[in-house]
Each structure stands twice: as structure tokens, then as C-alpha cells.
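**Student:** Got a sequence here, can you model it:
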Amino acid sequence: MLLSRYLIIITLFVIEKWIQFRFEPIFFISNYLDDILLIPIVLGFGIWVQQEFVLATFVFSKMQILGTWLVFSIIFEGIFPYFSNEFTADFFDLFAYGFGGVIFNKLLNYPKLNSTV
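**Tutor:** All right, here's what the predicted structure looks like:
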């Protein structure tokens, strides 16, 4: 994983939360940016742990990324809205999670640089 790219994603998330707190929400940003950034943040942390402590050349397979998309989609768009009125099922969130998976795969899903194999 490229740490600088991961930090950019984390920074974008923090800035987005600050904007939501300080200003009137912007529709796209307040509704979909969190969903887009979810998989890159979670799997980015996961790949960092794997590469630091287990195997420096570890990368997630496309099936693992797809499985993560499926699990988050079921939990956040099916289970949570069913049990709580604080959550709303939104079909377009599924696309946002998927786009986040693509972002993760293209920007962060690489073996650790300078690894000895």
C-alpha cells in the first residue's frame, strides 16, 4: 500500500466531516462521499496491518474486495435500516461502495515497496 495515498483518503474524509459540521451539507458530499471512502479506509488499514506484521507482499484479491463490498452492502443497506430508523437504505450507496472498492484496488492494493521476497 502506498501510505501517502492512504493519508490523502483519510485527509479527504476528515475535511468532509469538518465541512459537514461547519457548513450546510452539499448533497453529493454528505450522502455519498462517506460511502465511497469506506472501503478504501477499511481495506487500506487492513492491507497496512497485513504488510507490516504478516507478509510485505500481501494484496487483497478482487474476490476479497468484492466480498467486502457485499458485506458492507448487506450490513449498511439491509440490516441497519431494518433495525434502526437512523439508517436509510439507499440503492445508490451500493454503487458508492463499489466505486470505493475500485478506488482501493487501483490506488492502494499494491505490495509494500522495498519488500524482500
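
**Student:** got any ranges where the protein has weak pLDDT?
**Tutor:** 1, 114-117 (pLDDT under 70).

**Student:** rerun at 90
**Tutor:** The chain contains residues with pLDDT under 90 at 1-4, 19-21, 23-31, 88, 112-117.

**Student:** quick one, helices of it?
**Tutor:** 3-22, 27-28, 34-53, 62-74, 80-83, 91-107 (DSSP state H).

**Student:** Gly101 and Phe95, how far apart?
**Tutor:** As defined by CB to CB, to the nearest Å, Gly101 lies at a distance of 10 Å from Phe95. Just so you know, the C-beta spots here come from the backbone N, C-alpha and C atoms, and that holds for glycine as well.

**Student:** contacting residues around Ile103?
**Tutor:** Contacts for Ile103 were tallied using CB atoms under 8 Å, 6 or more residues apart in numbering; they are Ile9, Ile36, Ile39, Pro40.

**Student:** quick revisit: higher neighbour count, Gly101 and Phe95?
**Tutor:** The neighbour count for Gly101 versus Phe95, taken as other CB atoms under 10 Å, is higher for Gly101 (26 against 13).

**Student:** Was I right to think that one contacts Leu70?
**Tutor:** No: with contact defined as CB atoms under 8 Å, Gly101 does not reach Leu70; the gap is 10.0 Å.

**Student:** Quick test: name the residue nearest the centre of this structure.
**Tutor:** Residue closest to the mean C-alpha point of the chain, counted by CA atoms, centre = their mean, is Ile39 at 1.9 Å.
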